[in-house]
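> Could you look at this predicted model? Sequence included:
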Amino acid sequence: MTEAHKFVDIRHAQKAYGDLEVLKDISLTVDRGEIVAIIGPSGSGKSTLLRAINDLDSLTGGEVWLDGVQINKNLPYRQYEKHINAMRQQVGMVFQHFNLFPHLSVRDNVTMAPKLLKGLSDKEADKLAEEQLNHVGMLERIDYYPSQLSGGQKQRVAIARALAMQPKLMLFDEATSALDPELVEEVNLVMKRLAEEHMTMIIVTHEMDFAASVCDRVIFMDKGVVVEQGPPSVVFQNPTEERTKEFLRKHLAQHHAQNAAEAAALTAAQTNEGAK
Amino acid sequence: MDIELILKVYPYFLEAAVVTIELSVLTVLLGLICGALAAAARMSRFRLLRIIGAVYVSVFRGTPALIQLFLLYFGGPQIGIQLDAFEAGVIGLGLNIGAYMAETMRGAIVSVDGGQTEAARTLGLSRAQAFRKVTLPQAMRLMIRPLGVNINAQIKGTALVAAISVVELTYTAQRYIGSTYKPFEMFFLAGVLYIIIITVTGKGITYLDRKARLP
Amino acid sequence: MGLDFTVVPAYLDTILIGVLWTIAITVCAAILSFFGGILLAVIALYAPWFLRLPVRFFAWLFMGTPLLLQLFLIYFGLVQLGIDLPAFVAGVIGLGLHFAVYNSELIQTAILAVDKGQMEAARTLGCSRSQALRKVVIPQAVRDVIPPIGNNMIALLKDSALVSVIGVSELTLSSQLAIGRTYRPFEFYAVAAVFYYIVNLGMEAVMRRIERKTSLSR
């Protein structure tokens, strides 16, 4: 090999459910320390691509490589299991619906995998949990259960849980989409902090402002292909592709409508207050 | 109502109630074991095991428990299975309730959100580890109540062994109805004892369910 | 002693007649339990106390005791009261009442779950309370509980085997008759199991159809 390998290397990724092609021959690379946002309309295949990176959704064609090792190797069941579990330990993932373990305390959510997979002692694991929770500002809730937390707090714990495995790469699958608007910011802050620490991140998101302020590169996907990619300033301000422009226009209009509705609701509430 | 008669015969009913309790405990234990095995088989990644599990559940749920009991007790000797009535009752009814419990357990397991397994697998846990550490603890909490319904049904279900002459509550009531011609009194006496057993068990289930509940 | 299924064909007609009786008793008891269930539910919820309390007590007693015990009570109790009913009728009453109580529990929950607004809407149209119940609330509640009632009816089919002990010559008792002549319990109980299984499959198919039909009319 003459060329140094790319950190994340997706080669000709294809995914089809029967006749429905969700990913059509996508090739992408991500450098170490790079922060990439994937945007696009729902059904564009962006989540499927993200989930293919740690093989939660298996590709029907193509390869995914991480740091010189192929993730989606074709192996006999047992060997594949061993291989994929080792790979996944290096890839953290954060879900839209948090997926915290409701039967475990915040502490145990964070320590379970390190204890089980890395053989950490209770003491070491506790120290790790405290560090990671402190990092996301959730240390004081260490002995709470997930049901006792707000959505934003849950998501911060979920990030701490993923970080506790010391991953090389973090995947965010619409991490703030299920949150009430006022809780989005606290999660965004944690992600920004990670970005400043040069964690390699691939972020599927609807939040253009966040993508613009945090990411090195924005990838616009539609109908299973990468339509356009580049620095946020280019993709957001001067997109070259018609589809990108249309998507951004629609998105902006929606965003405005939502803001207007919220403002109207606020005014109405204030008027009500005044009337009393 | 003939109180005097009730006072005279109730010790026999109490003795019979003990047998009913023994039958209930043993059939439920056997049912839990069979149910867990069958549920595991039905969710196995091996086709053969899935088929065996499905056939067991379908056959035992698709035919009357009474027939299963008769087949085992009266038909068993023909294929070399010699059991006394009590043993046949425990094994026959245990296998029967096991099929129902298997469905209860499987239902609880599949109703745990799939995102839970995904999250565990993403952290690098194996299929078995994710099941043991994440899915099962949640499913166990979910299955306490529906298993309680199965157990409640099984306590009443033990009455079937009266048909193969095991001297438990229903058999005793039937015998005394025959000899005293006082069906209401005997029904009342046996009924009260059944209801006590069921109520106490129900309280136990509720207690367990509450203890296992998450904050 | 081994197995010998060649003795079965000679008794096939006896068994098949038993199958017909099993179907007959299941259908009759199912109908009784369905309408009985509605009646009991309405009484338990809306009747004056002197009706409501005995019905609730009766329901509590029936839900806490085995069907077999109830069958003995009804069969021998009727005899003691001097009422001489054919075994089939006693069996239908026993099975029907037992499942009516279970159906009634389901229907009660469903009635209470039907939106209060439905009752109010009917009342504002000028319906009386009982008209509103009859025409608006109960039809909706019953439709909602058709799937679980279907499950009860499938349980009823299997529990119908119990009426053999009070002398109804359905499938189980017919098999026992054949066994009495041939001393071949395994063969005939196995055959009975197969027939029960087939009828059970048929019944499940019927229930699925009814469920589909009623869920379409929403």
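Done, it's in. For clarity, every value in this text was computed on a predicted model and none was experimentally measured. Numbers count the residues shown, from 1 in each chain, chains lettered A, B, ... in the order given.

> tell me the secondary structure for A:K6?
The local conformation at A:K6, judged by DSSP: H, G, I helix; E, B strand; the rest coil, is coil.

> same question, the one 3 residues further on
For A:D9, the assignment made with three-state DSSP gives strand.

> who touches it in this structure?
Neighbouring residues of A:D9 by C-beta atoms under 8 Å, 6 or more residues apart in numbering or on different chains: A:L28, A:T29, A:E63, A:V64, A:W65, A:L66. Glycine gets a C-beta too; all of them are placed from N, C-alpha and C.

> quick one: pLDDT of the residue in the stretch 151-276 of chain A positioned nearest to chain B?
Chain B sits closest to A:M165 of the stretch 151-276 of chain A, with a gap of 5.9 Å, by C-beta to the nearest C-beta. On pLDDT, A:M165 comes in at 93.

> tell me the contacts of it?
Applying C-beta under 8 Å, 6+ apart, the residues contacting A:M165 are A:Q89, A:Q90, A:G92, A:A113, A:P114, A:L117, A:K118, B:L123, B:G124.

> And it, which helix or strand is it part of?
Under the criterion DSSP states H and E, no helix or strand holds A:M165.

> Just want to check the distance between it and A:Q89.
5 Å (C-beta to C-beta, to the nearest Å).

> And for B:G202?
45 Å.

> Then A:M221?
Relative to A:Q89, and taking C-beta to C-beta, A:M221 is found at 27 Å.

> before we move on, what about A:I159?
For A:I159, the distance to A:Q89 - C-beta to C-beta - is 16 Å.

> Can you report how many residues neighbour A:P76?
Residues within reach of A:P76, counting by other C-beta atoms under 10 Å in any protein chain shown, total 7.

> For it, what are phi and psi?
Geometry field for A:P76 lists phi and psi as phi -60, psi 150, criterion degrees, to the nearest 10.

> Got the confidence number for it?
The model's pLDDT for A:P76 equals 92.

> between the contacts of A:D9, which is nearest chain B?
Closest to chain B, out of all of these and judged by C-beta to the nearest C-beta, is A:L66, at 13.2 Å.

> where does C:L106 fall, helix, sheet strand or coil?
Per three-state DSSP, C:L106 ends up helix.

> remind me which residues of the chain are low pLDDT?
Because you didn't say which chain, this covers chain A. A:1-4, A:272-276 (pLDDT under 70).

> ah, no, chain C please
Short version for chain C, where the test is pLDDT under 70: C:1, C:216-218.

> Residues of it that sit close to chain B?
Residues of chain C lying near chain B by C-beta under 8 Å from any C-beta of the partner chain: C:1-3, C:60-61, C:64-70, C:72-73, C:76-77, C:79-80, C:158-162, C:164-165, C:172, C:179, C:184-187, C:189-190, C:192-193, C:196-197, C:200-201.

> Quick check on the contacts of A:D9: which are buried?
A:L28, A:E63, A:V64, A:W65, A:L66 (16 or more other C-beta atoms under 10 Å in any protein chain shown).

> More neighbours: which of A:I159 and A:Q89?
Ranked by neighbour count (other C-beta under 10 Å), A:I159 and A:Q89 place A:I159 first, with 25 against 20.

> need the contact list for that one.
A:V94, A:V136, A:A175, A:V187, A:V190, A:M191, A:L194.

> Report the backbone C-alpha coordinates of the helix or strand where it lies in CSV.
Assigned by DSSP H and E, A:I159 belongs to helix A:151-163. The C-alpha coordinates for helix A:151-163 follow below in CSV (Å, rounded to 0.1, in the frame of the first residue of the first chain):
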residue,chain,number,x,y,z
GLY,A,151,-34.9,14.5,27.5
GLY,A,152,-31.8,16.7,27.3
GLN,A,153,-30.3,15.1,30.4
LYS,A,154,-31.0,11.6,29.0
GLN,A,155,-29.2,12.5,25.9
ARG,A,156,-26.2,13.8,27.8
VAL,A,157,-26.0,10.6,29.8
ALA,A,158,-26.3,8.6,26.5
ILE,A,159,-23.3,10.6,25.2
ALA,A,160,-21.4,9.9,28.4
ARG,A,161,-22.2,6.2,28.1
ALA,A,162,-20.8,6.1,24.6
LEU,A,163,-17.7,8.1,25.5
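
> What residues does chain B have near chain A?
Residues of chain B lying near chain A (C-beta under 8 Å from any C-beta): B:45, B:113, B:115-116, B:118-127, B:129, B:133-134, B:137-138, B:141, B:214-215.

> Pull out the buried residues from the residues you listed.
Counted by 16+ other C-beta under 10 Å, the residues of chain B next to chain A give B:116, B:118-126, B:129, B:133-134, B:137-138, B:141 as buried.

> quick one, what contacts C:W21?
By C-beta under 8 Å, 6+ apart, the neighbours of C:W21 are C:F88, C:V168, C:S169, C:E170, C:L171, C:S174.

> State the three-state secondary structure for the last one.
Under three-state DSSP, the three-state class of C:S174 is helix.

> do the same with the third one
Taking three-state DSSP as the rule, one finds C:S169 in the coil state.

> centroid residue for chain C?
C:A30 (3.9 Å; C-alpha atoms, centre = their mean).

> from the residues of chain B next to chain A, which ones fall inside helices?
Among those, the members falling in helices (DSSP state H) are B:G115, B:Q116, B:E118, B:A119, B:A120, B:R121, B:T122, B:R127, B:Q129, B:P137, B:Q138, B:R141.

> which parts of the top helix by length along chain C are buried?
For chain C, the helix with the greatest residue count under DSSP H is helix C:12-46. Neighbour-count burial for helix C:12-46 flags C:14-15, C:18-19, C:21-23, C:25-26, C:28-30, C:32-34, C:36-38, C:40-45 (criterion: 16+ other C-beta under 10 Å).

> how's chain A carved up into domains?
A:1-90+A:167-232, A:103-157 (the TED database).

> Please, which helix or strand holds A:I203?
With DSSP H and E as the test, A:I203 turns up in strand A:200-204.

> how much distance is there from that strand to the middle of the chain?
Centroid displacement of strand A:200-204 relative to its chain, using C-alpha atoms, centre = their mean, to the nearest Å, is 5 Å.

> what helices or strands is the helix or strand following it leaning on?
Toward the C-terminus, strand A:200-204 is succeeded by helix A:208-214 as the next helix or strand (DSSP H and E). Contacts defined by 3 or more C-beta pairs under 8 Å, 6 or more residues apart in numbering or on different chains; DSSP states H and E place helix A:208-214 against strand A:35-39, helix A:181-196, helix A:232, helix A:242-275.

> which one of these lies closest to C:L95?
helix A:181-196 (56.6 Å; C-beta to C-beta).

> The closest one to helix A:242-275, inter-axis angle?
130 degrees (axes from the mean of the first three to the mean of the last three C-alpha atoms, to 10 degrees).

> Mind giving me the packing neighbours of helix A:181-196?
helix A:151-163, strand A:200-204, helix A:208-214.
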